[in-house]
Every structure is written in structure tokens, then in C-alpha cells.
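# Sequence first, then the predicted structure:
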Amino acid sequence: MTRLIPLFAAIWIGSAAACSAPVRPETLLPLPAEQVALQTAEGQALLRGAEAAADYGPLSIHFLTQDTPTYCGPASVAMVLNASGIARPPRSNGEPYSLFDQQNVFNAQSRKVKAPALVRKDGLTLEQLAGFFEAHNAAVTLTRADTLTVEAFRDTAIRTLSTEGEFLVVNYLRSAMGQETGGHISPLAAYDADTDMFLILDVARYKYPPMWVGAAELHAAMNTQAGPYTRGFVVVRVPAS
């Protein structure tokens, strides 16, 4: 069993197609009873015992809060690209350092996928999310949830979370698993076999904490309609040089 230093404990401070709608201005919303917040003793114990967690460290040190209620896609893209080791552009604020952020993920290619003003209006769809990763030379596999069973999703996710340099980003409907309210995008970071739960590093950190969610529950939340298609996930890899 893999044991991990709970690095995240020191780091984390307390559109229908893609991202959450605005919420009331208050502290974090309570999770449904079957979900486990990472910052709790139970959540930390799940992390220490996680069997698949190769992505946790690289993602946690680049964990972002989405800039707007519709920017869960750009925030997730920036997190994964920073964790992946892909060459980083200069920061948008003009500092002499290179790092992906929620502005410079909009390069010439990703703007053709969807312009910033339109993302601010209604977020990214699953297909557009894949297009943003491809715009930065990442290899992407898109899977819609209605095309595979929960068992197949679990196998794919565990394999990805166990492989350095591979990342999995989910697109799911919050209300389908008892949260508020609409579609959302965030990376997965770990899997615990004893409870059959995945850790979602939720980029809406003003709304919900990072959380452990059951595999079947997460699959069902992805297997929901967003326009003519179901939601799902993308697996992102750094192409071999």
C-alpha cells in the first residue's frame, strides 16, 4: 500500500455544459454524507492509504481556484499542464517566470477552440476541454460516460492515476451527486480501493473542498446530458519527445 505525506494539508486553505453557476456568498458548502472532504481526518487517512496517487503530488502543488464561475475548464487545464512538465509560457502578469495560468492557456490555437469572452459566458464543453489541451501539444483521449461501464471507467482511471505523466480530468453534473448545481470540470488526483473512492481536486475552492467520491456515483454524474452528448472525461498525456 502506498503511503503519502499529506502535502495537500499544508497547501489547501480552507455553465450547464461545463462549470458551476454563481453561488451565495458564504463559506464552503457542506458535502453530501457519502462524500468525504480531504481536510478531514478520514479524508487524510484515505490519501495516506490510496493505491493510485501518482498524480496527487504534481497536481496539488499547482492547485488553482477558478477565476470565475465558468472558468473551471481553464483552471483545470492550467493545473494539469503545469503538473505535466510541458514547456510553460511566461505568466500573464508580466513576472519573469514561466507558468500556465487561466489567462495564458488562451494561446492562438485554444482561442480558435473558444474565445475567452465565450468561456466567461458559458464555460467549456468536454470536447472544447480536449481542444484546449491539444492546443498546448498534449495528447488527449476523450471518453463520454455513456460509452463505458463504471468498471471500465474505474480501470482507466486507476491506470491513469498510477502512471506518471498521465492525468484524468472529469466533466460531471454536480446535482447528480447531491451538490449545487450545474456542470463542472476538475482533475482527479487519487483512488482508494478499500472504499472505491476517487479524490477530486475541485477547482471551485470557494464553494466545495477537495473531496472523495464513490466511483459509481462519479460515473453516474458524468453520464448526464450536456447538449446532445453526455459528459465524461479526458486523459491527458505528454507526448514522447
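Yep, that arrived.

# Show the contacting residues for Val203.
Phe63, Leu64, Thr65, Gln66, Cys72, Ala75, Ser76, Met79, Ile185, Ser186, Pro187 (Cβ atoms under 8 Å, 6 or more residues apart in numbering). Using the backbone N, CA and C atoms, a C-beta is placed for each residue, glycine as well.

# rerun at 6 Å
Taking Cβ atoms under 6 Å, 6 or more residues apart in numbering, we find Val203 in contact with Leu64, Gln66, Cys72, Ala75, Ser76, Ser186.

# for the second one, helix, strand, or coil?
Taken by DSSP: H, G, I helix; E, B strand; the rest coil, the conformation at Gln66 corresponds to coil.

# nearest residue to Arg154 other than its sequence neighbours?
Spatial nearest neighbour of Arg154, excluding adjacent residues (Cβ to Cβ, 6 or more residues apart in numbering): Ala215 at 4.9 Å.

# so how far is Arg159 from Glu95?
37 Å (Cβ to Cβ, to the nearest Å).

# Specify which residue of those two has the higher count of neighbours.
Arg159 (13 against 9; other Cβ atoms under 10 Å).

# residues in contact with the host helix or strand of Phe132?
Phe132 is part of helix 126-134 when elements are defined by DSSP states H and E. Contacts to helix 126-134, defined as Cβ under 6 Å, 6+ apart, come from residues Gly73, Val77, Ser110, Val113, Lys114, Val140, Leu142, Asn171, Arg231, Gly232, Val234, Val236.

# Tell me the helix or strand right after that helix.
strand 139-144.

# Can you name every helix or strand that the helix or strand just after that following strand contacts?
Remark: after strand 139-144, the chain's next helix or strand is helix 150-161, criterion DSSP H and E. Counting contacts by 3 or more Cβ pairs under 6 Å, 6 or more residues apart in numbering; DSSP states H and E, helix 150-161 packs against strand 166-173, helix 215-222.

# how close does the residue nearest to Arg154 sit to Lys207?
Going from Ala215 to Lys207 by Cβ to Cβ gives 23 Å.

# What of Gln109?
30 Å.

# With His136 instead?
27 Å.

# still on that earlier bit, run the chain-centre distance for the helix holding Phe132.
Relative to the mean C-alpha coordinate of its chain, helix 126-134 is positioned 13 Å out (Cα atoms, centre = their mean, to the nearest Å).
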